[in-house]
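>>> Coordinates for the following, if possible.
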Amino acid sequence: MLHRTSEEDYFELNGIAKTRLHPVRMKTFFVAVLFFEAIMFGVTLFAMNVSEYITRPIWPKINALDWSIFVIQLILTLVFLRTRIAYQHQKIQATFLSAVTFLMSVSVYIPFFVMWEDSRTPVYVAHMGVISLLLGLVILVYCTYRSMIRVQKGMFRKGGRLLYDFQNKVGTVKVPLIGACVILAGSFARYASSEGVSSEMFQPLGYLFICIVLQYTLSIVMPEFFLLTYCKFRFESFLIQAPPELNIQVKASPKEIKGLSMPFQTLKYWAGWDMRGKKASFGALLIVWTELAIIMFILYALLHLTDAEGRAELARFQAFIGPAAIVSYTFALAVLLPVQLVLFLIQLTARMRRHFKKTEQ
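Reported below is the predicted structural model:
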């Protein structure tokens, strides 16, 4: 949808990339999100060890996955705290920005479900949490699609109204509050009429309000981060030059597409997309396959190697590693093949549309 846009269509976003979303200024946000995730995961771990009501076997696996993600996030945050690296790897930094913001919007619900199980509130309260989470994801998809439409309409050109026109469309800002009120109103109405309700049982609903407001607000903000990441990969002008005293030259995009740092571009090339003179070797495609297989292996290990208390056992891991590697590569291939097919159909459809337009002219 955005391949027909030009660099002029992102003029205002380029200004934001040099000010509010400057590579150096992102460091503060990364640290803040890291502390936020530490609190979310720490509360989950504390509740698991203290509460006698949190007994579901899935919680140790969720806890192991949480802290594995946190370690990765901690390492990348520490890496991008270095100004030199922040300037040199702006594409990866922008991708990391989008990823941690999405993670923040989702992880806020983990303490809610812990609180729900600990307070022994009715199951429909948990259902309201699931509905709220899914509705937030729907809002994110809608806002992302809307942002692409606004780019095509020239809202990011010089003097444009950007992603949201806050002067004339105040209703856009009210979406999180309206969603939270609608969902919580139904919960409170049903919950207050129940028998044997204590004041402690209302705590999950109060925290759910915070979850809804935070997730829905971030869902409105994230499309701007997605557009920034897209522009970092597409336009050289979005790669901010470092100050002369750092003696850093931001490298232009290479003619060869590397599978390790450009997995999606590699898949697009092998699906037949026009990559503007850039090429990806078969080795790059194998690297992308291996990257996805490693991710599958880590997730598979976290879900199957933990005992009842969430601890991994070395003996089980040694017997597990061989078959798990084969399964991981198989699942990775099962994911890549449909993705390649979808990318091929997209570029084929676009090519046919261009052909028909030329024929009509």
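>>> Helices of the stretch 251-361 of the chain, start to end?
Assigned by DSSP state H, counting those that start in this stretch, the stretch 251-361 of the chain shows helices spanning 263-270, 282-304, 314-360.
>>> if you compare those helices, which one is most tucked away?
helix 263-270 (a mean of 20; mean count of other C-beta atoms under 10 Å). Quick note: C-beta positions are derived from backbone N, CA and C, even for glycine.
>>> Residues touching that one, excluding its own?
Contacting residues not belonging to helix 263-270 are listed as 233, 257-259, 275, 278-280, 284-285, 287-288, 291-292, 336, 339-340, 343, 347 [C-beta atoms under 8 Å, 6 or more residues apart in numbering].
>>> so how far is it off the chain centroid?
Chain-centre distance of helix 263-270: 20 Å, with C-alpha atoms, centre = their mean, to the nearest Å.
>>> got the angle between it and helix 282-304?
Helix 263-270 and helix 282-304 are oriented at 130 degrees to each other (axes from the mean of the first three to the mean of the last three C-alpha atoms, to 10 degrees).
>>> avg pLDDT for helix 263-270?
When pLDDT is averaged over helix 263-270, the result is 80.
>>> again, but for stretch 149-168
73.
>>> Check whether residue 150 really touches residue 157, as I assumed.
No. In this structure, residue 150 is not within contact of residue 157 by C-beta atoms under 8 Å, at 10.5 Å.
>>> okay, the two: which has more neighbours?
Set residue 150 next to residue 157 and count neighbours by other C-beta atoms under 10 Å: residue 150 wins out with 20 against 16.
>>> rewinding a little: out of the helices of the stretch 251-361 of the chain, which is closest to residue 8?
Closest approach to residue 8 among these is made by helix 314-360 (21.4 Å; C-beta to C-beta).
>>> From the chain's centre, how far out is the closest one? Work that out for me.
Distance of helix 314-360 from its chain centroid, counting by C-alpha atoms, centre = their mean, is 19 Å.
>>> Taking helix 282-304 as reference, get the angle to that helix.
Using the same axes, to 10 degrees: helix 314-360 against helix 282-304 is 130 degrees.
>>> Which strands or helices does helix 314-360 pack on?
If contacts are counted by 3 or more C-beta pairs under 8 Å, 6 or more residues apart in numbering; DSSP states H and E, helix 314-360 sits against helix 263-270, helix 282-304.
>>> What mean pLDDT does that helix get?
What helix 314-360 shows for mean pLDDT is 76.
>>> Make 58 the starting number, not 1.
With the count now opening at 58, the last piece we talked about shows up as helix 371-417.
>>> residues contacting residue 215?
Shown in contact with residue 215 (C-beta under 8 Å, 6+ apart): 65, 68, 69.
>>> what do you get if the cut-off is 7 Å, keeping everything else the same?
By C-beta atoms under 7 Å, 6 or more residues apart in numbering, the contact set of residue 215 is 68, 69.
>>> and residue 145, how far is that from residue 274?
The spacing between residue 145 and residue 274, counted by C-beta to C-beta, to the nearest Å, is 32 Å.
>>> Could I get the helices and strands packed on helix 371-417 in JSON lines, plus columns for distance to residue 175?
As requested, the helices and strands packed on helix 371-417 are exported to JSON lines (distance: least, C-beta to C-beta, whole Å):
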{"stretch": "helix 320-327", "distance to residue 175": "40"}
{"stretch": "helix 339-361", "distance to residue 175": "23"}
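>>> which one of those lies closest to residue 103?
Checking the helices and strands packed on helix 371-417 against residue 103 by C-beta to C-beta gives helix 339-361 as the closest, at 20.2 Å.
>>> quick one: contacts of the closest one?
For helix 339-361, contacts defined as C-beta under 7 Å, 6+ apart pick out 118, 121-122, 125, 314-317, 320, 323-324, 327, 381-382, 384-386, 388-390, 392-393.
>>> Format the helices of the stretch 308-418 of the chain as CSV; extra columns: distance to residue 219.
Output for the helices of the stretch 308-418 of the chain, formatted as CSV (distance: least, C-beta to C-beta, whole Å):
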stretch, distance to residue 219
helix 320-327, 26
helix 339-361, 34
helix 371-417, 27
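>>> Minimum distance to residue 73: which of those helices has it?
Proximity to residue 73, assessed across the helices of the stretch 308-418 of the chain by C-beta to C-beta, is greatest for helix 320-327 (23.2 Å).
>>> What are the boundaries of the strands in this protein?
Here the chain has its strands, by DSSP state E, at 313-314, 336-337.
>>> Break this structure down into its domains, please.
Annotated domains of the chain cover 64-303, 313-417 [automatic domain parsing].
>>> Pick the most deeply packed of those.
Most buried of these, by mean neighbour count (mean count of other C-beta under 10 Å): domain 64-303, with a mean of 16.
>>> which stretch in the domains of the chain has the least confidence?
Minimum mean pLDDT among the domains of the chain: domain 313-417, a mean of 74.
>>> what's the spacing between stretch 344-359 and its chain's center?
Centroid displacement of stretch 344-359 relative to its chain, using C-alpha atoms, centre = their mean, is 18 Å.
>>> Please export the C-alpha coordinates of it as CSV.
C-alpha atoms of stretch 344-359 as CSV (Å, rounded to 0.1, in the frame of the first residue of the first chain):
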residue,chain,number,x,y,z
ILE,A,344,20.0,-17.4,7.4
VAL,A,345,16.4,-16.2,7.6
TRP,A,346,15.2,-19.8,8.0
THR,A,347,17.8,-20.4,10.7
GLU,A,348,16.8,-17.2,12.6
LEU,A,349,13.2,-18.2,12.7
ALA,A,350,14.2,-21.7,13.7
ILE,A,351,16.2,-20.4,16.7
ILE,A,352,13.2,-18.4,17.9
MET,A,353,11.1,-21.5,17.6
PHE,A,354,13.6,-23.5,19.5
ILE,A,355,13.8,-21.0,22.4
LEU,A,356,10.0,-20.8,22.7
TYR,A,357,9.7,-24.6,22.4
ALA,A,358,12.3,-25.1,25.1
LEU,A,359,10.7,-22.6,27.5
